[in-house]
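1. Provided below are the primary sequence and the corresponding predicted coordinates.
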Amino acid sequence: MSVIKSVRAHVMAAPVEKPFTSSRGWLYKTRGTCLVEIETADGIVGWGECYGPSAVAKAFIETQFGPRILGRDPFDVEVIWEDLYNRIKDYGNKGMSIAAISGIDIALWDIIGKSCGKPVHKLLGGAFRTEVDCYATGLYFTDFDRLVEEAVEEAAGYVDEDFKAIKMKIGLGNITKDYERVKAVREAIGPNIRLMVDANHAFSVPVAIRLGRKLEELDVEWFEEPISPEDIDGYVEVSRALDMAVAGGENEFTRWGFRDAIVRKAMDIVQPDVCAAGGLSECKKIAALASTHGVECVPHAWGSAVGIAATLHFLGSLADQPPSLFPFEPLLEFEQCENPFRDHLAKEPIVQERGRVKIPTGPGLGIEIDRSVIDRYRVG
């Protein structure tokens, strides 16, 4: 096998025509990402993606990680992961350093798959399914004079597009406002569409419990990030108080970061992001740890076609939890906000049909990158 010849980080950004916000308070005016391109001496190119501030990931890759893996065998993906992690563990065992490792790890798996002529999910042990249910993430806050109306209209649009599940944002600083907005959406989409809510850690423990009990009346499937991610004791309280599932973990990193939340069953669903938590190598370990403790794993996804493809291969490799004749399969988060990197980066876009998305079957990640999109939106 040929060795790694080059490592590049591509930072891209695109303006958002209709800015939006969540309970965190900042306005999304642009969409951005950092893609990792790794090429071997025999010309095989692998692609990965890093979650979070793109320029920071690029700095880690260019100054810490890229030079360290030149000349190495990409098939040594686990060896490389451990080497990079231990290189920065003293000052970067969470956060953007791990996101940068994630992008490298995904790109290496892409190379391995292309070298073998096999899709990544085959290398991860095979796929338990050929397609997955997906849910539309959206219903952010855009027009504060029409918060209920805009949510109802957007949700109805997803139903028209054949989505069978929707996740909406909450966290308006008022339990009644949040409840009424979710209630209006539930009434608009009917009882047969799965509905989840995401607070982006906007609430205290008692407020989350009070609101959660009201949302249970509306058959909400899960309550995502009800409180601050650092408060594992608080998550335990909220999870024990509510009958609906509590989800979290999109901003956690590595198996060590997820360990306490899983072992203590602080949440019913953990949501590692393959572009943030350590890549495919580490997310498989996180999922195994979750399965051991009876916790579901439904990954977070917010990025380009590269991240979506990697997430699909990861989802394909997850066994049903628990196994049964009519299993509750893991879901793909298919966010629907304006995003040219999701829609145009792959020459053949990843799309949903009747609420399902097919797991790619081509070699590696199974997508072909349109370099003109990278050139068009390149920053720096």
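-> Structure's in. What do you need?

2. contacts, neighbours, all on C-alpha from now
-> Will do.

3. Can you name the residues that contact Val7?
-> With contacts taken as Cα atoms under 8 Å, 6 or more residues apart in numbering, Val7 has the following neighbours: 36-39, 66-67, 70.

4. so it sits in a strand?
-> Yes: according to DSSP: H, G, I helix; E, B strand; the rest coil, Val7 belongs to a strand.

5. which non-adjacent residue is nearest it?
-> Sequence neighbours aside, Ile38 is the residue nearest to Val7 in space, at 4.6 Å (criterion: Cα to Cα, 6 or more residues apart in numbering).

6. Now name the helix or strand holding that neighbour.
-> Ile38 belongs to strand 27-40 when assigned by DSSP states H and E.

7. just checking, next helix/strand downstream of that strand?
-> strand 45-50.

8. Contacts for that following strand next, please.
-> 33-39, 57, 99-111, 275-276, 304, 306-307, 364.

9. Domain ranges for this structure, per the record?
-> Domain segmentation of the chain under automatic domain parsing yields 4-117+371-377, 122-358.

10. can you list these in a markdown table and add mean pLDDT?
-> As requested, the domains of the chain are arranged in a markdown table below (pLDDT from 0 to 100):
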| stretch | mean pLDDT |
| --- | --- |
| domain 4-117+371-377 | 97 |
| domain 122-358 | 97 |
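
11. about what we covered before: tell me which of the contacts of strand 45-50 fall in strands.
-> Under the assignment DSSP state E, the contacts of strand 45-50 contribute 33-39 to strands.

12. coming back round to it: from the contacts of Val7, pick the one nearest Asp243.
-> Checking the contacts of Val7 against Asp243 by Cα to Cα gives Val36 as the nearest, at 41.3 Å.

13. Mind listing the residues bridging to the closest one?
-> Beta bridges link Val36 to Ala9, Gly48 when assigned by DSSP bridges.

14. my guess is it meets His10, correct?
-> Yes: with contact defined as Cα atoms under 8 Å, Val36 reaches His10; the gap is 6.4 Å.

15. who has more neighbours, these two?
-> Ranked by neighbour count (other Cα atoms under 10 Å), Val36 and His10 place Val36 first, with 29 against 20.

16. about what we covered before: and the angle for the strand holding Ile38 with strand 45-50?
-> Between strand 27-40 and strand 45-50, the angle comes out at 150 degrees (axes from the mean of the first three to the mean of the last three Cα atoms, to 10 degrees).

17. Sort out which residues of strand 27-40 are buried, please.
-> Neighbour-count burial for strand 27-40, counted by 16 or more other Cα atoms under 10 Å, picks out 31-40.

18. Mind giving me the packing neighbours of that strand?
-> strand 4-21, strand 45-50, helix 54-60, helix 96-116 (3 or more Cα pairs under 8 Å, 6 or more residues apart in numbering; DSSP states H and E).

19. got the angle for that strand vs strand 4-21?
-> Orientation check (the same axes, to 10 degrees): strand 27-40 against strand 4-21 gives 170 degrees.

20. report the angle between the axes of strand 27-40 and helix 96-116?
-> Using the same axes, to 10 degrees: strand 27-40 against helix 96-116 is 50 degrees.

21. How far away from the center of its chain is strand 27-40?
-> 14 Å (Cα atoms, centre = their mean, to the nearest Å).

22. which residues in the stretch 201-350 of the chain form helices?
-> Residue ranges of the helices in the stretch 201-350 of the chain, as given by DSSP state H, counting those that start in this stretch, are 205-215, 232-241, 254-263, 279-292, 305-316, 340-343.

23. What's the separation between the residue positioned nearest the centre of the chain and Thr40?
-> The centroid of the chain falls nearest to Ala301 when counting by Cα atoms, centre = their mean (2.0 Å). According to Cα to Cα, to the nearest Å, Ala301 and Thr40 sit 28 Å apart.
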